[in-house]
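Student: A predicted structure for the sequence below; I have some questions about it.
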Amino acid sequence: MVSVVFSLPPEVGGRQAAVIGEFNNWSHFEHPMIRGSKGFTVTISLPAGATYRFRYLIDGARWENDWDADAYLPNVHGQDDSVVDLTSPVVGAPAAPPPPATATKTAAKTTGATKKAQTSAKKAKTPVKKATPAAGPDAPPS
């Protein structure tokens, strides 16, 4: 099993939110999110080795995708579903450690499905894959 932290930043607004997907048979009620100072979050344990489509439902009426999803796939409603990929610890991660210049970058986005692999032998945090790096020593001048 993999603990996946689903999160939405405060900018999405709304009074309530839920994560809805293949893992809960698209139930609007099974995984409500908790609102905090950093937005909405919920942690769900999912079986490893699969990919899962999901979306967020805000205030029971507005759909939102995960801004940092592992992938997006079209759905039957003419929109895209977010995808969380649990087939490997970090999809697309390099086999070797990144070069020092890359390692100094930090992510600009603070939302997304964060994967944390947990095993009975040890608990290890899986690095979070983020798309947009913040300014760092090797970033182009703005």
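Tutor: Yep, that arrived.
Student: how long is stretch 34-49 from one end to the other?
Tutor: 27 Å (C-alpha to C-alpha, to the nearest Å).
Student: Just confirm residue 59 contacts residue 28, I think it does.
Tutor: No. Using C-beta atoms under 8 Å, residue 59 makes no contact with residue 28, being 11.3 Å away. For every residue, glycine as well, the C-beta is placed using N, CA and C.
Student: Residue 56 versus residue 25, what's the distance?
Tutor: Between residue 25 and residue 56 the distance, using C-beta to C-beta, to the nearest Å, works out to 16 Å.
Student: Compare these two and say which one has the larger neighbour count.
Tutor: Each of residue 25 and residue 56 had its neighbours counted (other C-beta atoms under 10 Å), and the higher figure belongs to residue 56 (24 against 8).
Student: SS state for residue 53?
Tutor: Under DSSP: H, G, I helix; E, B strand; the rest coil, the three-state class of residue 53 is strand.
Student: now it, nearest residue through space, not along the chain?
Tutor: Once its chain neighbours are removed from consideration, residue 53 has its nearest residue in residue 81; the separation is 4.0 Å (C-beta to C-beta, 6 or more residues apart in numbering).
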